[in-house]
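Student: got a sequence here, can you model it:
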Amino acid sequence: MFERTGRAVATAAIAMTAVLIAGIGTASAGFGPLPPANPHLGPVGTATMHGDAASSDATPFAGPGAGNIDSDFHELAAACPTILQGADGMPQALCTKIIDRAPTVFLLDPGTGRPLASLDLTKGSLLGGVYAYLDSQDRMVTVDGSGQLLRIGHRRDGDDWTIFVDSATDIGQAVTGHCGGGDCDAVSSVMPDFEGRVWFATDNAAAGFADPATGVTRSIVLGLGEKVANSISSAPQGVAIATTHALYLVDVDDSGDPRVRWRQVYNRGPARKPGQLSWGTGATPTFFGPGSGTEYLAITDNAATKENLLVFDTATGDRICSVPTVDGTENSPIGAGNSLFVAGTYGYPYPAVPDGAGPSEPANANFTGGMVRVDVVGGECRVVWTNKALSAAVPRLSVADGKIYTVTRHTVIATGSAGLTDSFRYTVIDAATGRIDTEQLIGATAVHNTLQMVGTITPDRTLYQGTMSGLFRITPR
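Tutor: Below you'll find the predicted structure:
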């Protein structure tokens, strides 16, 4: 039964992906164009945590919609921030086990979301078990705790599935050579550039690449005392990295070494805010633009009291515009065409924060949420709408149906108790107006907590959403 279903899903996924990739640059719902497809990644929309190399958090696929849905939850005893799907239609999740915080790769049944196989990886830094991507052969690419750049494949063996390490490249010297070797640093994120080099950033703000064509691995230190706490992004112009102090665009010089094209310092604020995981920007850099899809680059800062959305010229690093948006955010902006969407996470009650994150100021705060749409018009950042959505996940924009998909968190007083209880609701927002079209209950316990993780929409309108203990598979009824 699964074999027939799997083939059907895979065939449909491949066909739809081919059509949509051919149409990149258009937007049926009035948003776009999407950034250009990176030829070294899997399908646009499902190959990276943020959808594509540019971290647009926009997808060419329509979501489950605002009608009735079916929501299935799968307990995995692991937090699942990264759920991807290759051209073969097989979903893959990179999760962090609750018990020992070690990363595990799960291969999922595309018809049910249940795990078909798993592979444990060597534990490294927390973010080493979060950021990964799928390459053009549907292999998951990540770096494990031993400093190995892994390409992880999967295949069917009889009635079973197997996940295996297809290749491993030792990049340990490039990662830790600047600080004396050993475990003095660790990779936080990886992403290919448009030439096929695999770029990485480390916790302590080293940046470099492994070139599979030559076997060369090189790195530089971006800024002493800086940290990288989010993913990195790439476009034809280079690779964008946001540290806890500045935004960088890096590329390769004529000698084949990594270099900084430009650096822009931002307001990192007086301290880490509640609802953020580091002292500095909470944003993965977002390439976007109404022309090529990458002429602008955006992050949020950490200013008090309102954080600013900052937009830069990708080519020069010049600031185009900025505008106050939300109280605080740990999420990357959505970018499509000349529009950006920022979701607030100020006060979000994370059960824990990474080592070294430092205290927040204030120590506690109510979760304020809120979402803002900003359009870049005539060199200005113009607020189009705001709403009060209590988004508990990194939202995803569908340029196919013009909707923003997320999960909202609502806290109420429990019946017959003095305590509080949280509910988690599948939520659809109209991207044109900011109106909340629907909120539907999908969970009401701690295991359903989506912890500001990213949702991924697949070609068959399925939404996969990670939680602190597993994942949801949400489909239209």
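
Student: could you pull up the residues touching Gly443?
Tutor: Taking C-beta atoms under 8 Å, 6 or more residues apart in numbering as the definition of contact, the neighbours of Gly443 are Ser71, Phe73, Ser423, Phe424, Thr467, Phe472. All C-beta atoms are positioned from the backbone trio N, CA, C, and that covers glycine.

Student: the second one: neighbour count?
Tutor: Applying the criterion other C-beta atoms under 10 Å, we find 19 residues in the vicinity of Phe73.

Student: repeat for the third one
Tutor: By the criterion of other C-beta under 10 Å, Ser423 has 16 neighbours.

Student: residues in contact with it?
Tutor: Taking C-beta under 8 Å, 6+ apart as the definition of contact, the neighbours of Ser423 are Arg409, His410, Val412, Leu441, Gly443, Ala444.

Student: secondary structure class of the first one, three-state.
Tutor: Counting by DSSP: H, G, I helix; E, B strand; the rest coil, the backbone at Arg409 sits in strand.

Student: low-confidence ranges in the stretch 201-350 of the chain?
Tutor: Residue ranges of the stretch 201-350 of the chain with pLDDT under 70: none are present.

Student: all strands for the stretch 1-150 of the chain, in order.
Tutor: The residue ranges that make up the strands of the stretch 1-150 of the chain, judged by DSSP state E, counting those that start in this stretch, are 58-59, 69-75, 78-85, 91-97, 103-108, 115-120, 133-134, 140-143, 148-157.

Student: possible to save these as JSON lines with distance to Ala168 and mean pLDDT?
Tutor: JSON lines is the format used below for those (distance: least, C-beta to C-beta, whole Å; pLDDT from 0 to 100):
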{"stretch": "strand 58-59", "distance to Ala168": "31", "mean pLDDT": "98"}
{"stretch": "strand 69-75", "distance to Ala168": "29", "mean pLDDT": "98"}
{"stretch": "strand 78-85", "distance to Ala168": "19", "mean pLDDT": "96"}
{"stretch": "strand 91-97", "distance to Ala168": "16", "mean pLDDT": "96"}
{"stretch": "strand 103-108", "distance to Ala168": "14", "mean pLDDT": "97"}
{"stretch": "strand 115-120", "distance to Ala168": "13", "mean pLDDT": "97"}
{"stretch": "strand 133-134", "distance to Ala168": "16", "mean pLDDT": "98"}
{"stretch": "strand 140-143", "distance to Ala168": "10", "mean pLDDT": "96"}
{"stretch": "strand 148-157", "distance to Ala168": "5", "mean pLDDT": "96"}
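
Student: how about these, which one is nearest His245?
Tutor: For those, proximity to His245 was assessed by C-beta to C-beta; strand 140-143 is nearest, at 23.3 Å.

Student: buried stuff in that closest one?
Tutor: Using 16 or more other C-beta atoms under 10 Å as the test for burial, strand 140-143 gives Met140, Val141, Thr142, Val143.

Student: quick one: the first one and Met49, what's the gap?
Tutor: Right, Met140. Counting by C-beta to C-beta, to the nearest Å, the separation of Met140 from Met49 is 12 Å.

Student: list residues touching both of the two?
Tutor: Counting by C-beta under 8 Å, 6+ apart, the common neighbours of Met140 and Met49 are Leu84, Ala132, Tyr133.

Student: the second one against Pro192, yeah?
Tutor: In this case it means Ala132. No. Taking C-beta atoms under 8 Å as the definition, Ala132 is not a contact partner of Pro192, at 11.7 Å.

Student: which residues in this protein form helices?
Tutor: Along the chain, the stretches classed as helices by DSSP state H are 2-22, 172-176.

Student: lowest average pLDDT across these?
Tutor: For these, the stretch scoring lowest in mean pLDDT is helix 2-22; its value is a mean of 43.

Student: sorry, back to before: any chance of the strands of the stretch 1-150 of the chain in TSV, with distance to Phe31 too?
Tutor: Conversion of those to TSV gives the following (distance: least, C-beta to C-beta, whole Å):
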stretch	distance to Phe31
strand 58-59	7
strand 69-75	23
strand 78-85	22
strand 91-97	25
strand 103-108	29
strand 115-120	34
strand 133-134	23
strand 140-143	29
strand 148-157	33
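
Student: out of these, nearest to Ala352?
Tutor: Distances from Ala352 to each of the strands of the stretch 1-150 of the chain were compared by C-beta to C-beta, and the smallest falls on strand 78-85, at 10.5 Å.

Student: can you dump the C-alpha atoms of the closest one in PDB for me?
Tutor: Listed next in PDB are the C-alpha coordinates belonging to strand 78-85 (Å, rounded to 0.1, in the frame of the first residue of the first chain):
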ATOM      1  CA  ALA A  78      12.600  14.900  19.900                       C
ATOM      2  CA  ALA A  79      12.200  18.600  18.900                       C
ATOM      3  CA  CYS A  80      11.900  18.900  15.100                       C
ATOM      4  CA  PRO A  81      12.800  22.300  13.800                       C
ATOM      5  CA  THR A  82      13.800  21.200  10.300                       C
ATOM      6  CA  ILE A  83      11.400  19.300   8.100                       C
ATOM      7  CA  LEU A  84      12.300  19.100   4.400                       C
ATOM      8  CA  GLN A  85      11.100  17.200   1.300                       C
END
